[in-house]
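> Based on what follows, work out the 3D shape:
(chains A and B)
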Amino acid sequence: MDTLVVHVLNALLYASVMFLIAGGLSLIYGVMRIVNLAHGNLYAFGAYVTAWAVGRALGGATEASLWMYALLPVGALAAAALGAVLEPTLLRPLYRRAEEYQLLITFGLLLILEDVMRFLWGPYPLQASALYEGLGSLRFGESIYPTYNLVVIVVGAAAAAALWAFVYRTQFGVVLRATSQNMRMAQALGVNVNRVYVQAFTLGCFMAGLGGSVIVPQQGAVLGMGVDALILAFVVVVIGGLGSLEGALIGALMVGVVREAGITFFPEIELAVLYLMAAVVLLIRPAGILGRA
Amino acid sequence: MTASPRRVLAWSAPVLLGLIALPFVVPPYQTVLLSYGLVFAIAALGFNLLLGYTGLLSFGHSAYFGTGAYAVAFIVKYLKLESMEAFLLGGILASGAVAALFGLLCVRYTKIFFGILTLALSQVLWSLAFKFFWVTGGSDGLRVPTPTLLGGTVRAGGDKFEFLSHRYYFYVLAVFVICVAVMWVIVHSPFGKALQSIRDNETRAEFVGVQVWHYRWVAFLISGMFTGLAGALWVPLNGLTTPDILHWTFSGRMVFFTVLGGFQTFFGPIVGAVIYNYLETYAVGNTVYWQMVLGIVLVVLVLALPAGVVGTLRRLGLRPVKVT
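Take a look at the predicted model:
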């Protein structure tokens, strides 16, 4: 029973981070019809910035003070700022061009960002584990569980709720959905599509950066983490439906459960099962569980 | 894309003669480097049958390159063969089998869904190669010895590097020329014309009686086999096969060099693959930030030279081959 609780919490932990990454990817695709291959690197960028900020704040100390938890959003804000610069400079010239070129430019961006992080923070992993250890652990009967993981789950859930409220309950959300459904019609009705695109891209990058920020105290930041995360995010959005936020949530929960089960019961084929899940969903429902074709 | 065979021959014969004379002029290192370029060019030829001629962007061609390479490694490990012809046959058959299966699933879709599905399937193979280390060697990969050529009549002898830079270079060159000729015939055949009609207008192609689904599947199969052949040729050069060549970023490189050369032309991907190989080798050799160099080249290319090297030369009026 206790181990079941731990397994469920672990699944929710994966799902939270996966939702933050995949939700951003899906939002960007839903509004702009661009699959951003560099999205995983924005997640990694958020992780690096937070780890760096925490490292500076600690300044050699090993114990984290409570105020340092306020540094968690720094990575998310940095990723959002990066996104706000990248969209108008690199992506905007390509909207009229074929899909292939959009994929290629984001692939080029992926390569560049990978080395920007290597240049800024060196080839070695960065840690922010003081924040992770600072919160201690909780006891469920026989088993203990790190309190910080619960923080990640809460942040993931809060982000999902905030995003839902944002998209479905605000004026900006209406414009966003209108642009997503019919960009030309929205433009004809006076929506500044360019501005909506920048905002959507920035918001998507913010979410990816937030995912990196909250997970870095637990996992650390390493080169290549973005590329791996991107593929899992693909699996999530393909299962849930490209462009659907609800789909990203369902997909993230499914991937979280399968990963946790996979690590426990079938570690050799855990990743293969995830990719196969994506392939099977694509075959049965190409638009994903909640997507529209 | 029609070009008179005579003009193509007039232009490619001197190039071919130059390639044959090369090992007697340049240092051995250069011919080995060019061998890599020619191998990638074969993969690009196969890849471009899908992208340039059928209009399908695959982000999972590492699967076929890797299958070709691992097929060779398994032939060495389990069948204890060392004949290059067996390697090539095994590589083509194995990648053909994988492409036939994956193609059945993928060709029902186009555009971004096709790209993501090919990517997801290639990642299945990557994760299997990565995790089943008792079969595949995991991230250490599998070693492949130098093969014997032409049914065992040409052997490696003592100096492996001398073998690779000389006899193996000619072998790669011969296979390359055969591949170019075969692909040329394929894209100029009625079958190739049908693929181009599908690319340009799927609905009309179907209307005039082209079985779109079937043609796409056959194109996928041929494309996978060419790429698998390249993988099989690549292993003896590298001496080792690792899961890296199955990873989706390797597929990204294939897309890169095809676009670098220009995917709207027949010879573009070949030129792109050779240039890319030099670019990557020198970037890796000179800076730890080689990915940034490649990324910047790719971004500039997409923004400024979308037609690629060969396509741009053509537009400037320098027409090595008239391909319209």
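
> Can you pull the phi and psi angles for A:Arg139?
The phi and psi torsions at A:Arg139 (degrees, to the nearest 10) take the values phi -120, psi 130.

> Please read off the pLDDT at it from the model.
At A:Arg139, the model reports a pLDDT of 82.

> cool, and the one 10 residues further on?
At A:Asn149 the predicted local confidence, pLDDT, stands at 89.

> repeat for B:Pro320
53.

> Same question for B:Thr324.
At B:Thr324, pLDDT is 41.

> now A:Phe19
93.

> Okay, helices next: where are they in chain A?
Applying DSSP state H to chain A gives helices spanning A:2-32, A:39-58, A:72-86, A:99-121, A:129-134, A:147-169, A:171-181, A:183-188, A:193-219, A:225-240, A:245-265, A:270-284.

> what's the third one in contact with?
Meaning helix A:72-86. A:38, A:42-43, A:45-51, A:53, A:109, A:131, A:198, A:201-210, A:212-214, A:216 (C-beta atoms under 8 Å, 6 or more residues apart in numbering or on different chains). All C-beta spots, glycine's among them, are computed from the backbone N, C-alpha and C.

> which of those come close to chain B?
A:Leu109 (C-beta under 8 Å from any C-beta of the partner chain).

> Only the buried subset of the contacts of helix A:72-86, as a PyMOL command please.
Written as a PyMOL command, the selection of buried residues from the contacts of helix A:72-86, which uses 16 or more other C-beta atoms under 10 Å in any protein chain shown, is:
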select buried, chain A and resi 38+42+43+45+46+47+48+49+50+51+53+109+131+198+201+202+203+204+205+206+207+208+209+210+212+213+214+216
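
> Could I get the helices of chain A in JSON lines, plus columns for distance to B:Trp234?
Shown next, in JSON lines, are these (distance: least, C-beta to C-beta, whole Å):
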{"stretch": "helix A:2-32", "distance to B:Trp234": "33"}
{"stretch": "helix A:39-58", "distance to B:Trp234": "27"}
{"stretch": "helix A:72-86", "distance to B:Trp234": "35"}
{"stretch": "helix A:99-121", "distance to B:Trp234": "22"}
{"stretch": "helix A:129-134", "distance to B:Trp234": "41"}
{"stretch": "helix A:147-169", "distance to B:Trp234": "43"}
{"stretch": "helix A:171-181", "distance to B:Trp234": "43"}
{"stretch": "helix A:183-188", "distance to B:Trp234": "44"}
{"stretch": "helix A:193-219", "distance to B:Trp234": "35"}
{"stretch": "helix A:225-240", "distance to B:Trp234": "22"}
{"stretch": "helix A:245-265", "distance to B:Trp234": "32"}
{"stretch": "helix A:270-284", "distance to B:Trp234": "24"}
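
> elements contacting the helix or strand harbouring B:Ala44?
Using DSSP states H and E, B:Ala44 sits in helix B:28-48. Here helix B:28-48 touches helix B:160-165, helix B:167-188, helix B:212-238, helix B:248-261, helix B:268-286, going by 3 or more C-beta pairs under 8 Å, 6 or more residues apart in numbering or on different chains; DSSP states H and E.

> for the record, mean pLDDT for the last one?
I take that to be helix B:268-286. The model assigns helix B:268-286 a mean pLDDT of 89.

> interface residues of the stretch 101-250 of chain A facing chain B?
A:101, A:103-105, A:107-116, A:118-119, A:123, A:227, A:231, A:234-235, A:238, A:242.

> Give the PyMOL command for selecting the buried subset of those residues.
In PyMOL, this line selects whichever of these come out buried by 16+ other C-beta under 10 Å:
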select buried, chain A and resi 101+103+104+105+107+108+109+110+111+112+113+114+115+116+227+231+234+235+238+242
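
> Quick check, B:Arg315 in contact with B:Ala307.
Yes. B:Arg315 is within contact range of B:Ala307, at 6.3 Å (criterion: C-beta atoms under 8 Å).

> So which of these two has more stuff around it?
Set B:Arg315 next to B:Ala307 and count neighbours by other C-beta atoms under 10 Å in any protein chain shown: B:Ala307 wins out with 18 against 12.

> Sketch out the low-pLDDT regions of chain B for me.
Along chain B, the parts satisfying pLDDT under 70 run over B:1-4, B:156-158, B:317-324.
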